[in-house]
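A.B. asks: have a look at this prediction, sequence included:
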Amino acid sequence: MKNPYAPGFWCAIAALVLLSATYFYGVMLAHQLDKALLFLDSASAMIGVLSIAVVAWASLQGQRIKKKQLEQGKTLVQIWDTKVALRRVETVFDRYFWGSYWQPGRTFQEVMGELTGTPLEKSLEALKVQCRALDQQVTGEGWHWLNNARELADVATAMARERYQLDVCDPRFDSPDGTVINRDFEVLVYTWTARLKSFDHQLDEMETEYS
């Protein structure tokens, strides 16, 4: 990677050398060779010291830039891993509630409206772990991403319990054609969708920020 401070450094050195040469030539024309040589020695020493100082400063700035880029890379990896975990939750959620939920082979916990031991619970726990890692990578953000994952888990748990109530309670026929409508469950479905989209949108914004 090219040092962004190199052009300024070489311009400053060139200007200093030019001024020194002009002064040295002026002193020589005045027939004061001893003073000219003394000035030349002093100017050379000053140029050397300035060169060392500028090189050290530029090296320090370069190390800071590399460190910042490395941290940005690590953050991007954490963001991508979080997106993968979120997609996994979304896929398992759809299968759990709209796919195999009503099929035989459900565990006792599933029948009783619990997520314990289910693939959905495992995917939500994996998302929490990944969000905790993302929060630790992004300093100063608190537990923002972990709280997002916990909110999703709370909604999923509430939906499982509401689904259990639909299983054991008498259906409520609220529509003219006899379709069962459960308003609480509809609200939970809407809440899940909204939070999932918000979670995904926040990750996209953060990815853009660190790209």
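C.D. replies: The structure has been received and is ready for your questions.
A.B. asks: out of the helices and strands in this protein, which is least certain?
C.D. replies: Least confident helix or strand of the chain, by mean pLDDT, DSSP states H and E, is helix 108-111 with a mean of 59.
A.B. asks: just list what the helix or strand harbouring residue 190 packs against, helices and strands only.
C.D. replies: If you go by DSSP states H and E, residue 190 is part of helix 183-210. On a contact count with 3 or more C-beta pairs under 8 Å, 6 or more residues apart in numbering; DSSP states H and E, helix 183-210 meets helix 33-94, helix 144-168. Using the backbone N, CA and C atoms, a C-beta is placed for each residue, glycine as well.
A.B. asks: can you list the weak-confidence ranges in the chain?
C.D. replies: Within the chain, the segments meeting pLDDT under 70 span 1-43, 47, 99-114, 140-141, 166-181.
A.B. asks: 90 instead, please
C.D. replies: Scanning the chain for pLDDT under 90 picks out 1-74, 92-121, 137-143, 157-186, 189, 209-211.
A.B. asks: so what are the domain limits for it?
C.D. replies: Domain segmentation of the chain under automatic domain parsing yields 6-65, 71-210.
A.B. asks: what is the burial count for residue 192?
C.D. replies: By other C-beta atoms under 10 Å, 19 other residues sit near residue 192.
A.B. asks: wait, isn't it in contact with residue 158?
C.D. replies: No. Residue 192 is beyond contact range of residue 158, at 9.1 Å (criterion: C-beta atoms under 8 Å).
A.B. asks: report how many residues lie close to the residue lying closest to residue 211 once chain neighbours are set aside.
C.D. replies: Of all residues not flanking residue 211 in the chain, residue 76 sits nearest, at 6.9 Å (C-beta to C-beta, 6 or more residues apart in numbering). Per other C-beta under 10 Å, the neighbour tally for residue 76 reads 16.
A.B. asks: contacts only, for residue 76.
C.D. replies: The neighbourhood of residue 76, defined by C-beta atoms under 8 Å, 6 or more residues apart in numbering, consists of 207, 210, 211.
A.B. asks: how about CSV for those, with distance to residue 56 added?
C.D. replies: CSV is the format used below for the contacts of residue 76 (distance: C-beta to C-beta, whole Å):
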residue, distance to residue 56
207, 36
210, 30
211, 32
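A.B. asks: among these, name the buried ones.
C.D. replies: Of the members of the contacts of residue 76, none is counted as buried by neighbours, 16 or more other C-beta atoms under 10 Å.
A.B. asks: between these, which is closest to residue 138?
C.D. replies: residue 210 (9.0 Å; C-beta to C-beta).
A.B. asks: contacting residues around that closest one?
C.D. replies: Contacts of residue 210 (C-beta under 8 Å, 6+ apart): 72, 75, 76, 79.
A.B. asks: most neighbours, which of those?
C.D. replies: In terms of neighbours by other C-beta under 10 Å, the contacts of residue 210 top out with residue 79 at 22 neighbours.
A.B. asks: how far away is the nearest residue in space to that residue that is not next to it in sequence from residue 139?
C.D. replies: What sits nearest to residue 79 in space, not counting adjacent residues and going by C-beta to C-beta, 6+ apart, is residue 207, at 5.1 Å. Distance of residue 207 to residue 139, computed by C-beta to C-beta, to the nearest Å: 17 Å.
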